[in-house]
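> sequence and predicted model, in that order:
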Amino acid sequence: MYIGILKNIQPRRYQQEIFENCKEKNCLVVLPTGVGKTLIALMLSVYTKNKNPSSKILFLAPTRPLAQQHLEYFKKNLQENFAKLNLFTGKINPEKRKKLFEESDIIFSTPQCISNDIKSGLYDLKEVSLLIEDECHRCLKNYAYTYIAKEYKEKAKNAKILGLTASPGTSKEIIKQIANNLGIETIEIRTRESEDVKEYLQELKFEIIKLDFPKELSEIKELLKDIYDKKIEELKNRKLLFQLPTKKNLLELQKKIINLISTGNRNFNVLAAASACAQAIKLQYCIELLETQTLYALQKYIQELFHQANKNKSRAVKQLVKQPKFNQAYIKITELISKNFENPKIEKIKEIVKREIEENKNKRILVFSNYRDSIIKICKTLNEIENINARVFVGQAKKGETGLTQKEQQEIIKDFSEGKINILVSSSIGEEGLDIPEVGAVIFYEPIPSAIRKIQRAGRTARLSKGKLIILMNKKTIDESYYWAAFHKEKRMYKALNALKEELQKKDSLSNADFKQNPKEKQKTLF
């Protein structure tokens, strides 16, 4: 069906098989990053366009650069006159978008742009015969993907949906919700270890580097922990905290206390608890930065708290920065930084990068960290090494922070592709979507508790050539908890996916049997 229409590309065995299974059913495709989800979307687009020549195809991606990337991929691999392709952005005025929609065969866009246009009645999705949602794990709650999928299922004459992701979520409930939102009828799952995939991938060496947490940092932790424990005890004594003081539970408690105050409950117990809870959350954050990040990042955060206190922005912060032990902790941090003392991960990452580049001077490395201040410190440290040109790679500017525009991001990726830059020190922006080239090694400055993000990060290496995945971990810290959280979530994810796949297959076979007996009574509900 697509032979002679595709150029420069030949599908792999598993891509062909997945395509065949997605031809007539709404399909969720779960494939590791970099092993060819977009080609499956292209093959299905060709098939659908041949089947319904006068219809349209809508390919959605979470960001404009990613939508642009998919457009370029289609242009590169499709015969020139097969279809009229267009990119939709909010920068194009509405009237022109309306005209473009009418003229286009395949439309590439962000969901926000299409969602706004549908709501304003600019056009509808009646003539769209294939909706593709990339990074479809976002198809939850109020995200625009959910609204578009609902509208599409209701309005399209010939509705067909393809959802693409490397990791849809870790619980069966979440995956089921995504499947329901997309009207999924079948699931195609492959991992790096799948027999039909691994023959195309290169060896991935995995290394966890465990480091001793220095006594100098443990002393600071004790000071912060002492104040934190007192705040947690206070919340328990005020009969407001009954669960473990996890980050999630404290944030939920804070929301509950704020709701009580906003509805008029301003008694002393509740007001005092609001302050104690806010302080506990900030102290917990300080301890996490201390254990997992750079001292530089922690110092910057505490300086911001002092700034807030001076500006009278928060009573809780004013009380916190008055605490003698909090000030002792800050003095110790400042003294250690003045002596060039840092989290041991900083020296270790420098050592790893030096070794990797000495091994292969053309190697490109991707370093991930969760915090921008740590990213800046890591990048500065790595640039001290001979033959290293490291760059900070972060998202667009947030309140009070510096960032990169989408144009700047694309320029950095181009320089990285061409070897002008050999190290990217990235935030979560480097995890999904953007067309970052193959790298020889991926380094996690800290483990992350999210299985989705771990899978996406790891997928940046060992595709076309051998690769390494290196995770740094401080012993007896939250690093260890986060590592094992992601490990168990990933196992649960594949278990849930396979269970759901079986459930869909069972429903399909029952539905087909029922249809043969009574065609009018074929069930349409998935779950």
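Great, that's in hand. Numbering: from 1, shown residues only.
> spatially nearest residue to G440, not counting backbone neighbours?
Leaving aside its sequence neighbours, G440 sits nearest to K363 (C-beta to C-beta, 6 or more residues apart in numbering; 3.9 Å). Any C-beta I mention is one placed from the backbone N, CA and C, and that applies to glycine too.
> verify the contact between that neighbour and V442 for me.
No - K363 is beyond contact range of V442, at 11.7 Å (criterion: C-beta atoms under 8 Å).
> which of the two has more residues huddled nearby?
With neighbours defined as other C-beta atoms under 10 Å, K363 and V442 compare such that V442 has more, 23 against 19.
> surely that one is in a helix?
No - going by DSSP: H, G, I helix; E, B strand; the rest coil, the assignment for V442 is strand, not a helix.
> and it, what's its pLDDT?
For V442, the model assigns a pLDDT of 94.
> return the residues in contact with it.
Shown in contact with V442 (C-beta atoms under 8 Å, 6 or more residues apart in numbering): I365, L366, V367, F368, R457, A458, R460, T461, G467, K468, L469, I470.
> buried residues, stretch 152-162. List them.
Y152, K153, A156, A159, K160, I161, L162 (16 or more other C-beta atoms under 10 Å).
> surely N387 is in a helix?
No - using three-state DSSP, the assignment for N387 is coil, not a helix.
> how many residues are close by it?
Applying other C-beta under 10 Å, I find that N387 has 9 neighbouring residues.
> how close does it sit to N370?
Noted for N387: a distance of 27 Å to N370, by C-beta to C-beta, to the nearest Å.
> ok, I385 next?
23 Å.
> please identify which of those two sits among more neighbours.
Set I385 next to N370 and count neighbours by other C-beta under 10 Å: N370 wins out with 20 against 16.
> right, and that one touches S427 too?
Yes - using C-beta under 8 Å, N370 makes contact with S427 at a distance of 7.1 Å.
> would you map the helices across the stretch 201-350 of the chain?
Listed in chain order, the helices of the stretch 201-350 of the chain (DSSP state H, counting those that start in this stretch) span 215-237, 247-262, 268-292, 295-310, 315-322, 324-338, 344-359.
> do a quick rundown of the strands in the stretch 351-500 of the chain.
Remark: strands assigned in the stretch 351-500 of the chain by DSSP state E, counting those that start in this stretch are 365-368, 390-393, 423-426, 441-444, 467-474.
> out of those, nearest to Q323?
strand 467-474 (25.1 Å; C-beta to C-beta).
> buried residues in the longest helix along the chain, which are they?
If you go by DSSP state H, the chain has its longest helix at helix 478-517. Of all the residues in helix 478-517, those buried under the rule 16+ other C-beta under 10 Å are 478-480, 482-483, 485-486, 489-490, 493, 496-497, 500-501, 503-504, 511.
> about what we covered before: reformat the strands of the stretch 351-500 of the chain as TSV; add distance to H70.
TSV is the format used below for the strands of the stretch 351-500 of the chain (distance: least, C-beta to C-beta, whole Å):
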stretch	distance to H70
strand 365-368	21
strand 390-393	21
strand 423-426	21
strand 441-444	23
strand 467-474	24
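> go through those strands and name the closest to I208.
strand 467-474 (5.0 Å).
> could you figure out how far that closest one is turned away from helix 268-292?
With axes from the mean of the first three to the mean of the last three C-alpha atoms, to 10 degrees defining the directions, strand 467-474 sits at 130 degrees from helix 268-292.
> dump strand 467-474 to CSV, restricted to CA.
Provided in CSV are the C-alpha atoms of strand 467-474 (Å, rounded to 0.1, in the frame of the first residue of the first chain):
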residue,chain,number,x,y,z
GLY,A,467,26.0,3.4,24.4
LYS,A,468,26.2,3.8,28.2
LEU,A,469,23.7,4.7,30.8
ILE,A,470,25.3,6.0,34.0
ILE,A,471,23.4,6.9,37.1
LEU,A,472,25.0,8.7,40.0
MET,A,473,23.7,8.0,43.5
ASN,A,474,24.6,9.2,46.9
